[in-house]
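Trainee: I'd like to go over a predicted model; first the sequence, then the structure.
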Amino acid sequence: MAKLSQILDSYGISDEYLRMKITSLADPITVRKHTTFDISGSVSLYVLEDGIIRAYTCEEDGTEITTNFVYRRGQPFYSNASMLSPRMAGVRVYNETLTESHLYRFEINEIMDLIQMYPAMLELARSLINDWFAIQWEHTHILYAYSAKERYEWFLESYPDLLSKISHKYIASFLNMTPVTMSHVRRTINEENSDSDQEEETAENE
């Protein structure tokens, strides 16, 4: 599991016995592209090796609301929202692989044992949870405080690798706008950039 070793390096885990223990607990799985799986009822922690996964919830009318994208190597995500808060127990979270994805699955009870035994694991868990909440808070703030154009520009800055790799309807859902609105925003930005380039070229020629 050479890539898992690289992930552990990125987490700053250097204790050889701990690395060996984590590796022994990891269950590598491959999920085919466009596979939707509901992991709300399980209690597992998943860590991405490679691929792109869209997390979403469903409204009563069947409308899907994209809540997150998992695409960075080493990025963790939970199988059960109630792990974070009992108030989330009724929330069903679905995950769709937008590309073939390779994951490591860990049983939460086994990870909790390591957290109790190793201070480094406790600090890592705290860091990952804090990062998760920070990302969710920023996303929520963007949805309510920014205009459609500003939300799209934020996405380009925060998720620069995704625009050309996934369907724009998922990005629009993530940004709380319709695909038509996002298309209009993109056209406006492209026109502004084109006008700016023409002005710069004119200035250089004068």
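Mentor: Thanks, I have the structure now. Given the structure is predicted, the values throughout are model-derived calculations rather than measurements.
Trainee: only C-alpha atoms from now on, for both contacts and neighbour counts.
Mentor: Will do.
Trainee: and Asp4, how many neighbours does it have?
Mentor: You called it Asp, but residue 4 is Leu. Leu4 has 21 neighbouring residues, counting by other Cα atoms under 10 Å.
Trainee: same question, Glu123
Mentor: Per other Cα under 10 Å, the neighbour tally for Glu123 reads 12.
Trainee: could you say which helix or strand holds it?
Mentor: Per DSSP states H and E, Glu123 falls inside helix 119-145.
Trainee: average model confidence for that helix?
Mentor: Mean per-residue pLDDT for helix 119-145: 90.
Trainee: which positions in it come out as buried?
Mentor: Using 16 or more other Cα atoms under 10 Å as the test for burial, helix 119-145 gives Ala120, Met121, Leu122, Leu128, His139, Ile142, Leu143.
Trainee: and of those, the nearest to Ile53?
Mentor: Ile53 lies nearest to His139 out of the buried residues of helix 119-145, by Cα to Cα, at 17.1 Å.
Trainee: re earlier: next secondary structure after the helix holding Glu123?
Mentor: Helix 119-145 is succeeded, C-terminally, by helix 148-158 (DSSP H and E).
Trainee: residues in contact with that next one?
Mentor: Contact with helix 148-158 is made by Ile142, Leu143, Leu163, Leu175, Met177, Thr181, Met182, Val185, as judged by Cα atoms under 8 Å, 6 or more residues apart in numbering.
Trainee: make TSV from these and add secondary structure to it.
Mentor: Below are the contacts of helix 148-158 laid out as TSV (DSSP: H, G, I helix; E, B strand; the rest coil):
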residue	secondary structure
Ile142	helix
Leu143	helix
Leu163	coil
Leu175	coil
Met177	coil
Thr181	helix
Met182	helix
Val185	helix
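Trainee: buried among these? Make that a ChimeraX selection.
Mentor: Here is the ChimeraX command that picks out the buried ones among the contacts of helix 148-158, judged by 16+ other Cα under 10 Å:
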select :142,143,175,177,182,185
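Trainee: the contacts of helix 148-158 into a markdown table, with extra columns for distance to His34?
Mentor: As requested, the contacts of helix 148-158 are exported to a markdown table (distance: Cα to Cα, whole Å):
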| residue | distance to His34 |
| --- | --- |
| Ile142 | 28 |
| Leu143 | 27 |
| Leu163 | 17 |
| Leu175 | 21 |
| Met177 | 23 |
| Thr181 | 25 |
| Met182 | 23 |
| Val185 | 27 |
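Trainee: tell me the one of the contacts of helix 148-158 nearest Ser14?
Mentor: Leu163 (35.0 Å).
Trainee: circling back: compute the inter-axis angle for the helix holding Glu123 and helix 148-158.
Mentor: Orientation of helix 119-145 against helix 148-158 (axes from the mean of the first three to the mean of the last three Cα atoms, to 10 degrees) gives an angle of 160 degrees.
Trainee: who does helix 119-145 touch, helix- and strand-wise?
Mentor: Applying 3 or more Cα pairs under 8 Å, 6 or more residues apart in numbering; DSSP states H and E, one finds that helix 119-145 contacts helix 108-117.
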